[in-house]
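K.L.:
Predicted structure and sequence below. I'll ask about it afterward.
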Amino acid sequence: MQLLNIEPNQKSRRPLTAVIALMASATLLLAGCGAGSSESAPSASAVELQQGGTLVIGAEQEPDCMDWIASCAGSIWGSYMAQITTTPFVFNVRKNGEDWVPEISGIMASEPEVSAGPPQTVTYKFNPDAVWSDGTPITSADLKYTALQIRDGEDVLDKTGYSAIEDIATPDAQTAVVTFNTVYAGWKTLFSGSYGLLPSHLLEGKDRAALMADGYTWSGGPWVIESWKKGESITLVPNAGYWGDKPKLDKVVFQFTADTAAAFQAFKSGQLDAIYPSPQLDAIDQINTGIPGARVQVDAASGNLEAIWMNNATPLLKSQAVRQALSYSIDRAAIVERVYGPLGVKSPAQSFYPPSLSAFGGQDFSVYSLDLAKVDSLMTGDGWAKGADGIWAKDGNAANLKITTISGNLRRELMEQVIQEQLKTAGFGLTIENAAAADLFGTILPDGTFDLGLWTLVTTFPDPGLSFAFDSNSIPSDANGFSGLNYSRTDVPGLNEILATVDSSIDAAERLKATQDGDKLLADSATSLPLAGVPNVLLTLEKVGGPTSINPAEGPFWNLEQWGLVK
Amino acid sequence: MAEVTAVAKLPSNGRSKFLQRFIRHRLALLGGLTLLFLFIACFGAPIFAPFPKNQQDLLLGPVPPSFEHLLGTDDLGRDYLTEILYAGQVSLLLALSVALVSTAIGVLVGVLAGYKGGWVDNLFMRITDLFLVVPAIALLALALQGLGRSPFSIVLVLSLIGWTYIARVVRGQVLSLREREFIEAARVIGANDRQIIWKHVLPNLGGVIAVNVALAVASAIIIESTLSFLGFGVQPPQTSWGNMLSQASGLIGTSKVYLLYFPGLFILIAVLAVNFVGDGLRDALDPRSGSGSMQGRKRK
Amino acid sequence: MFAYAFRRLIYSLPVLVIGSFLLFWSVRTAFDPLAKLRQIRDPEVIIRETQRLGLDQGILVQYWRWLSGFVTGDWGVSSRTSGSVKPMIQSALTVTLELLVWGLLFAFIVAVVLGVWSAVRQYSFSDYALTGISYLGLALPAFWFGLILIQFLAVWPQQLFGWDEPLFFFVGLTSAGEEPTFIDTARHMVLPVLTLTVGLVATWSRFTRASMLDALSSDYVRTARAKGVPRRRVVVSHALRNSWGPLVTVVSIDAALLVGGLLVTEQVFSIPGMGRLFLDSLLAGDAFVLLPWMLITGIAVIVLNLVADIAYGLLDPRVRL
């Protein structure tokens, strides 16, 4: 399962549905399986850790609420800090060898059993030892409660998958049988990643939103939320009743930092023990300048793929020749070297699969490098001629385009200016029209009122499916309630079938071939142009020990219970 | 609300007034020349700038100040001096437009309120009360979020919010002018209101207006940069000193900190120069206020 | 005196009501309270919510509903957090008031000291130096000044002397995870207060200087001097006393400016006050928070003005309120 995430300005975790992350100033949505971190930290786990102590971690965002099911819970940071640490999931994404893969968590007695049906059913067996913080066992009733709250709720962040649930039977406390009303291949995403289980014995029949929105005292994970001081901090303390390995630290405080510049200074001065900055240029400069006493982990094998998206439905970009010409006009190598070079990303992405899924797809986009002669021949061949102003024109229409992204994202704004210059040299006019996150996400992209756009495709589950972003049925329309995420309006003959094979095939070789065919078709038709895999960065002071690493699905704090202070 | 004008003119003691005025005016002169220089440099940028506008050199990237690039280059390898000069066009033009438009509105309202008195006066003064109550920056951000962040809407909104101070000052002046003999005399010989306002009242307000324009320019430059920092200023790819400054705010403590210092320096110099000119004008207008007491009162 | 205060309050009411209506109207025009829901593109939900919130009624009716809710303590629900608006504003206001009180005190005291100092030593080197510094203070954008303060007063000294922690903190108002102590809060307060007040100190000190010069050259002070009252006493108990009034007036007029300065200061120093609340709500288009925010700050400014006017009366016996 794969997520495109648009991360509207600071918020939007649109879990386990395709969303698109325009990684703005604040968040990284990530995930994916695959190669894992290539530049992982010096093995800190070898260091001996002391029991106890307090850590203060800088957080770029504050969640709007902690009612994780509700639409106000769209902040990925909320999920990193307080949801993953307190709610139990059926599957966790864990590193297995080089890959991040879904693994059942300790609340399951065994791997859930799927029966293809029809109707498709999944049987979950609970571990009787797993309990909530008050000692009540985590049971099938909790699973049923959680599923129904999501499926039948009014104000729900995302119902994908849950709306396919027909019925849930709970023959006993340890067994839950979920029956689907359709074939649902992505069943592993249920009760995992975006929604953890909620305690039915505390919430059933009560106002869930009121009990959870401002924080809650129960927990099914290693941590308990001690306090949430709005605007200031979230404090976690160990869950005394936790059934697994208990945390080493006495307390973890997530301190909200409103200004990146101040956050870096605070980290340098030791007021913050760890920060997880979005890879903006100033953050990269700070890291390059060197921060004494800090450990920098750059995870280049992230699930983030930044691309120049083209709206294939506009009169101008309908033409494959024009799209190809644009792809030959842009010097991606120079852009990537300048922007991400300092973080070790030296060459542009040549596939629509992010670094974490590099096993899939091909290298077909490598044909597109700066080549003005090709631009000329393609454009001339398509009936265009350069006007007196040096801009291509055809039938009285000049080749003028608009590019958009979230306003206030310095990195993207600079990229836009480079693209503007490069396109001008090649004979295309480009104006920059950025918009607020809400407008971009809410209207501009769904309505298709843009020509070019810069945003990031974020993969959050170990699966190479791309149909949500490129299947022509996913083009936002009345038919799908404008919820489709094929914002580039890609509609290439034969592509839907290939993507369907990727989604459904269980034969590894056939599936791999299909991903390569898909990539090739996308490259040949130049529907959009991948730029680079965006790395994730975690900075910790040397006094922080433990196996700190970035989990592409669950963020940097997924194993916080193993962190500690170095002895 | 207490009368601002009641405290506007404060005589200083007479000691070494000459020396003081001399220095002050020298500062004003210096400020004026600096401003002139900035204007010529910025608006003559196509001639004076060392490089063409927006000429990128991605291979070069950001380099610190050197002989070739006096103020260094930015992330895209653009000559920073060139970029600052072009950004100055936007900053200066924006500030000047705000100053002129808000002063025009303020003078109009102030003259009408002071001259007509009665309900007109009451109405206008209550309106200015409204503006005193809500923090201007908040109102600005709110309006710009609604209107979009083009330079035009920034000028519009800043002007619509900035006129109240000058309106109060002008009203106070007009109130006292109205009772003066020459106005009475004009009225007696049959001049109508419009003639009196144009021929007798406005010319006497010249000094106040000039001072206000200067101070409004200074505050507009500062406010524009603050708005940029909060995300409501001039949007890229358009540049202003304010947005260059705020875009570089994260670079403190890095080797690229020069990108933060130079736009700030230009803002500092421009605002200082404008303030000097404003004070000089005020002194020339009213030697008694030699201490420049009200300087900066306009920073709303 | 209190009759005057009461009269002033009554007199401010129409200003508030009209002002809040204009704000209500413009916020409603600029922000769609249903913007978030519209993304779902479900016409039924939109119709239902429109009716529930009464958005289909006239603007006056809507305003009346909102205002009566506000007066009776029902401030509505934030569309950003789905939480009740009142506690959000209450907690933000508490934090901000702390900052404001310290800021006002600091700015006032420093401005008076510097202003008197320069007035007494008119045309001396220190007078010119202070004048020069106050010019600089007026020419610095506050956020720039704040960032530079962090670098020069916190980070560099720490690196220079190899301290474990900086002398002044700059994230929040208390150290995370620790019980707040006075010293700790003070160390967090210094840099934000300096940032918040740089412009005010510059303005007010120049104003004090001018008004002191005025008082020092008055007949009243000259007489006192002639009668042999020591210079120091003349300055403090004669000249300064006569300068309070105008200064207090200026302070009250600048109150709104101070609230505006909070936006920048709270952003730079991650302080969870009214400024941050405003920015967060504005970016999220959260009209339900913006309206009471405006009204509360408006009331706060009016109260501040009123306090200043009363103080004026108390300080300057020549004024009859």
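P.N.:
Received the coordinates, thanks.
K.L.:
Work out for me the element the closest residue in space to residue C:121 that isn't next to it in sequence sits within.
P.N.:
Residue nearest to residue C:121 in three dimensions, not counting chain neighbours: residue C:127, with 5.2 Å by C-beta to C-beta, 6 or more residues apart in numbering or on different chains. From N, CA and C alone the C-beta is placed, and that goes for glycine too. Here residue C:127, judged by DSSP states H and E, is contained in helix C:125-139.
K.L.:
now swap in residue A:307 and tell me
P.N.:
Counting by DSSP H and E, the element that carries residue A:307 is strand A:304-310.
K.L.:
ditto for residue B:282
P.N.:
In this structure, residue B:282 is located in helix B:258-285 according to DSSP H and E.
K.L.:
OK, contacts around residue A:313?
P.N.:
By C-beta atoms under 8 Å, 6 or more residues apart in numbering or on different chains, the contact list for residue A:313 reads A:448, A:475, A:489, A:491.
K.L.:
Wait, a helix at it?
P.N.:
No - counting by DSSP: H, G, I helix; E, B strand; the rest coil, residue A:313 is not found in a helix; it is coil.
K.L.:
what's the burial count for the nearest residue to residue A:286 once chain neighbours are set aside?
P.N.:
Excluding the flanking residues, the one nearest residue A:286 by C-beta to C-beta, 6+ apart is residue A:264, at 4.7 Å. Residues near residue A:264, counting by other C-beta atoms under 10 Å in any protein chain shown, number 29.
K.L.:
My understanding was that residue A:264 contacts residue A:285; is that so?
P.N.:
No - Residue A:264 lies out of contact with residue A:285 (C-beta atoms under 8 Å); the separation is 9.4 Å.
K.L.:
joint contacts of the two?
P.N.:
Residues touching both residue A:264 and residue A:285 (C-beta under 8 Å, 6+ apart): residue B:250.
K.L.:
What is the least confident helix or strand in chain C?
P.N.:
helix C:35-38 (a mean of 69; mean pLDDT, DSSP states H and E).
K.L.:
what's downstream of that one, the next helix or strand?
P.N.:
Next helix or strand after helix C:35-38 toward the C-terminus (DSSP H and E): helix C:43-53.
K.L.:
Just the buried residues of that following helix, please?
P.N.:
residue C:53 (16 or more other C-beta atoms under 10 Å in any protein chain shown).
K.L.:
counting contacts, what elements does the helix or strand following that helix pack onto?
P.N.:
Note on helix C:43-53: by DSSP H and E, the next helix or strand toward the C-terminus is helix C:59-71. Applying 3 or more C-beta pairs under 8 Å, 6 or more residues apart in numbering or on different chains; DSSP states H and E, one finds that helix C:59-71 makes contact with helix C:2-30, helix C:287-315.
K.L.:
Just the buried residues of the first one, please?
P.N.:
Neighbour-count burial for helix C:2-30 flags C:8, C:12, C:15, C:16, C:19, C:20, C:21, C:23, C:24, C:27, C:28, C:30 (criterion: 16+ other C-beta under 10 Å).
K.L.:
Likewise for the last one?
P.N.:
Of the residues in helix C:287-315, those buried by neighbour count under the rule 16+ other C-beta under 10 Å are C:287-298, C:300-302, C:304-306, C:308-313.
K.L.:
Do that helix and chain A come into contact?
P.N.:
No - Helix C:287-315 lies out of reach of chain A by C-beta under 8 Å from any C-beta of the partner chain, never closer than 11.5 Å.
K.L.:
Among the helices and strands packed on helix C:59-71, which comes closest to chain B?
P.N.:
Among the helices and strands packed on helix C:59-71, the nearest to chain B by C-beta to the nearest C-beta is helix C:2-30 (3.0 Å).
K.L.:
Check whether that closest one comes into contact with chain B.
P.N.:
Yes - Helix C:2-30 is in contact with chain B by C-beta under 8 Å from any C-beta, via C:14, C:15, C:16, C:18, C:19, C:22, C:23, C:26, C:27, C:29, C:30.
K.L.:
how about the helix or strand encompassing residue A:529, does it reach chain B?
P.N.:
Using DSSP H and E, residue A:529 sits within strand A:528-533. No - applying C-beta under 8 Å from any C-beta, one finds strand A:528-533 out of contact with chain B, separated by at least 13.9 Å.
K.L.:
what's the angle between that strand and strand A:304-310?
P.N.:
150 degrees (axes from the mean of the first three to the mean of the last three C-alpha atoms, to 10 degrees).
K.L.:
and the closest residue to residue A:225 other than its chain neighbours, what is it in contact with?
P.N.:
Excluding the flanking residues, the one nearest residue A:225 by C-beta to C-beta, 6+ apart is residue A:215, at 4.9 Å. Contact analysis of residue A:215 by C-beta under 8 Å, 6+ apart lists A:66, A:82, A:225, A:227, A:228, A:234.
K.L.:
burial measure for residue A:172, as a count.
P.N.:
Neighbours of residue A:172 under the rule other C-beta under 10 Å: 10.
K.L.:
Leaving out the residues flanking it, which one is nearest to it?
P.N.:
Closest residue in space to residue A:172, ignoring its immediate chain neighbours: residue A:140 at 7.2 Å, by C-beta to C-beta, 6+ apart.
K.L.:
For the one you found, list the residues it contacts.
P.N.:
Per C-beta under 8 Å, 6+ apart, neighbours of residue A:140: A:124, A:126, A:170, A:172, A:173, A:174, A:175, A:176.
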